[in-house]
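S.K.: Sequence and predicted structure are below.
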Amino acid sequence: MSRGHLVFAGALVFALAGCINEDTRLYEIELDGQVAVPNGAPSTGAVHLEFHVAQTFGEGDLAHPLGVFETRTVAGVGPVRETVLYPLDEGDGLVVYGWLDRDGDGVLCAPGQTEEPAGLVKLAGFPAHTLSFSLSLGTPCVGPESLYP
Amino acid sequence: MKLGIAIAAGAVILGAAEAAAAEPRTPFPEHAALDAVGGSPAKGAYVLSAQGGWPFSFLRAQVGLSNRITLQSELESVVGRRYRPMLGIGVRIADGTHLRLTGEFLAGWLFQRSEEYRRGPNGELRFRLAIPVGRFVPYLVLGTRHAFLPDRLTIERASGTETSWSLRHEWTPWATLGLGFAISRRIGLDLGINYGWVGAPDTIALPGVHLGLHFGGDR
């Protein structure tokens, strides 16, 4: 048996005998952002934020845009500072989606209810441990899949 | 005529009874089928078992170190995706003409290569109850298996990388109900129904079945 075969056999045994089951790698990002609505539009209510990978890993049909990995709710429009843990093995790119909960029901635009504005931004400069963004909530009643890509 | 038939029938019954009396209730006190399904062969004896089935299949070797203690090695496969090589000891707890009760403790490693990887140390405690009746050996196995699955979490922060480990526990209660049969003292068969509830109680389990061939010797 050649040395190459021995190395291959050793690597195979080592791989089989490994003891790691779930190996989760997270990347910490401090996000410094500004959430706004267009001038003159109502701005009262909490803002629900979703943090997505821009493109999930996968081949063929298994590769798809957007995959939420964290959600937050902040008191209202204005400056936002959040720390998120990005799953490195799930996708690439970072997208922030948000919507304004004008009626406070926790549901985006239920039938017969108030129109609630939403917006999405893809962050430039990813990956970096500190990023900033500006999110404008200007499109009523849309989910992230309607805004990206 | 009727008297002749009655005499002939009586002779047949008498002959069968004499034959049964001539052959002991158990044709050989210890045999491969009993050692395989009841566990714990006597000192110096060994038994090799191959049990194929769905979804569980087994290869097992047992060697009697004394009349009570057995060294055993086992490899279990689940449809070629999950393997459990184990090494352990068996102890003959109770032994009689028509009963054998054995306790077994095994330890080893779990490898599962499928959509979900499962790897880690694994242990099992089980009891075997066998009731030999002639060449047949009805048997019951009850066991509890525990696998420990390490997970790794790595967080890359601006200040550095932090790694932590955690351990998940996978419990598999086990039951087998089967029937062994001694072809000869050295060769036996068994047919059994397995109920291994992998990942209990959060999962469901389907019963399985196996057919085994056993070979023993050196008694």
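M.R.: That came through, no problem.
S.K.: what sits against A:Pro111?
M.R.: The contact partners of A:Pro111, taken as C-beta atoms under 8 Å, 6 or more residues apart in numbering or on different chains, number zero. Just so you know, the C-beta spots here come from the backbone N, C-alpha and C atoms, and that holds for glycine as well.
S.K.: no wait, A:Ala128
M.R.: A:Ile29.
S.K.: Mind giving me the packing neighbours of the longest strand anywhere in chain A?
M.R.: Counting by DSSP state E, the longest strand found in chain A is strand A:23-36. Of the remaining helices and strands, those touching strand A:23-36 by 3 or more C-beta pairs under 8 Å, 6 or more residues apart in numbering or on different chains; DSSP states H and E are strand A:46-56, strand A:78-87, strand A:91-101, strand A:130-136, strand B:136-157.
S.K.: So which bits of chain B are right by chain A?
M.R.: Residues of chain B lying close to chain A (C-beta under 8 Å from any C-beta of the partner chain) are B:109, B:111, B:113, B:117-121, B:149-158, B:168.
S.K.: For the nearest residue to A:Ala63 once chain neighbours are set aside, name its beta-bridge partners.
M.R.: Counting by C-beta to C-beta, 6 or more residues apart in numbering or on different chains, A:Ala63 lies nearest to A:Thr56, which is 6.3 Å off, once chain neighbours are set aside. A:Thr56 has these beta-bridge partners by DSSP bridges: A:Gly91.
S.K.: Ok, B:Thr102 next?
M.R.: B:Arg92, B:Arg128.
S.K.: what do you get for A:Phe51?
M.R.: A:Glu70, A:Val96.
S.K.: Counting neighbours, what do you get for it?
M.R.: 22 (other C-beta atoms under 10 Å in any protein chain shown).
S.K.: quick one, what contacts B:Arg100?
M.R.: So B:Arg100 contacts B:Leu34, B:Gly38, B:Gly39, B:Ser40, B:Arg92, B:Ala94, B:Arg128, B:Leu129, B:Ala130, B:Pro132 (C-beta under 8 Å, 6+ apart).
S.K.: Model confidence score at the residue nearest to A:Ala63, please.
M.R.: The per-residue pLDDT reported for A:Thr56 equals 89.
S.K.: Surely it touches A:Gly91?
M.R.: Yes: the pair A:Thr56 / A:Gly91 is scored as a contact, 4.2 Å apart, by C-beta atoms under 8 Å.
S.K.: more crowded one of the two?
M.R.: With neighbours defined as other C-beta under 10 Å, A:Thr56 and A:Gly91 compare such that A:Gly91 has more, 22 against 17.
S.K.: Spit out the contact partners of that one.
M.R.: For A:Gly91, the contacting residues are A:Val53, A:Ala54, A:Gln55, A:Thr56, A:Phe57, A:Gly67, by C-beta under 8 Å, 6+ apart.
S.K.: For chain B, see how far away it is.
M.R.: Per C-beta to the nearest C-beta, to the nearest Å, A:Gly91 is found 16 Å from chain B.
S.K.: got a pLDDT number for that residue?
M.R.: At A:Gly91, pLDDT is 90.
S.K.: repeat for B:Ala20
M.R.: pLDDT at B:Ala20 comes out at 41.
S.K.: so where is chain A shaky, pLDDT-wise?
M.R.: Filtered on pLDDT under 70, chain A yields the residue ranges A:1, A:10-17.
S.K.: Try it again at 90.
M.R.: A:1-22, A:39-43, A:56-64, A:102-107, A:110-115, A:148-149 (pLDDT under 90).
S.K.: which ones are touching the closest residue to chain B within it?
M.R.: Distances between chain A and chain B by C-beta to the nearest C-beta are smallest at A:His129, namely 3.8 Å. Each residue near A:His129 by C-beta under 8 Å, 6+ apart is listed here: A:Tyr27, A:Glu28, A:Ile29, A:Glu30, B:Arg157, B:Ala158.
S.K.: That'll do, ta.
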